[in-house]
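# quick one: sequence plus predicted model below, questions after.
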Amino acid sequence: MPLHRISSLKNGYTLGLWHITEMPEELLALASLSTEEQGFYQQLSNTQRRLHWLAWRALIKKLTGNPAIEITYQENGKPLVRDQSLQISVSHAGPWAACLLHSSEPVGVDVESVRPRILKIKERFLSSREIQWHAKSTDDLRHLTILWCIKEAVFKFAGISGLDYRNQINILPFHSLSEGQASCQLIPRDGYLKEILLYYEDIDSEHVIAYVAETNSVQ
């Protein structure tokens, strides 16, 4: 069973990372699906989607030690624990699945593949100020992917429909290493600025992860 790691983070967050090497049939046995989930699973025809869908369910059940934990979805498609005993965020890309848990605080995690396409869309998710801040790295595939990964994690944390990536999520300047931390400002329309600390790291040579580690509201 390729559970890559479980990390107990500060402030009560728990991160799990799964390296998918199984076939769907193997993961199916580990995911302990409910009758409802089994029906949905049978409708999935794409093998990669099946693997991702099963892997993060198996991961959550490993993290919680509860094979009967029930997952449902909000209207926006965000997964949640049916009895709301935990806050969860999940992500997957390539052979990786990740899950971030907290007993009460909002969570956000994202896994991304490093691909050249990020060069074509950087102006869509970075503000002109951010492009200036990160000018030395705006042609660096990995750094740009980390920036996108951070914004995706913050979007999941915020849970705000229609959040403007360019103007409502600001990533402050940082020099990206193989692992490190970055500070981000979330500016929701209610006017309450949130300062968010995220960790990021290379999972392997082609995949990166970012996840929320600490938040602070500012008037």
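That came in fine, so what should we check first? Keep in mind that what you see is a predicted model, and the values were worked out from it rather than measured. Numbering: from 1, shown residues only.
# so what's Glu214 scoring on pLDDT?
In the prediction, the pLDDT value recorded for Glu214 is 86.
# off-centre distance for the host helix or strand of it?
Glu214 is part of strand 207-218, with elements assigned from DSSP states H and E. In terms of Cα atoms, centre = their mean, to the nearest Å, the centre of strand 207-218 is found 10 Å from the chain centre.
# packing partners for it?
Counting by 3 or more Cβ pairs under 8 Å, 6 or more residues apart in numbering; DSSP states H and E, the packing neighbours recorded for strand 207-218 are strand 87-93, strand 96-102, strand 109-113, helix 141-158, strand 193-204. Using the backbone N, CA and C atoms, a C-beta is placed for each residue, glycine as well.
# now mean neighbour count, distance to Ser34 and mean pLDDT too, for the ones you listed, in JSON lines please.
Output for these, formatted as JSON lines (neighbours: other Cβ atoms under 10 Å; distance: least, Cβ to Cβ, whole Å; pLDDT from 0 to 100):
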{"stretch": "strand 87-93", "mean neighbour count": "22", "distance to Ser34": "16", "mean pLDDT": "97"}
{"stretch": "strand 96-102", "mean neighbour count": "25", "distance to Ser34": "18", "mean pLDDT": "97"}
{"stretch": "strand 109-113", "mean neighbour count": "23", "distance to Ser34": "23", "mean pLDDT": "98"}
{"stretch": "helix 141-158", "mean neighbour count": "23", "distance to Ser34": "24", "mean pLDDT": "96"}
{"stretch": "strand 193-204", "mean neighbour count": "18", "distance to Ser34": "30", "mean pLDDT": "95"}
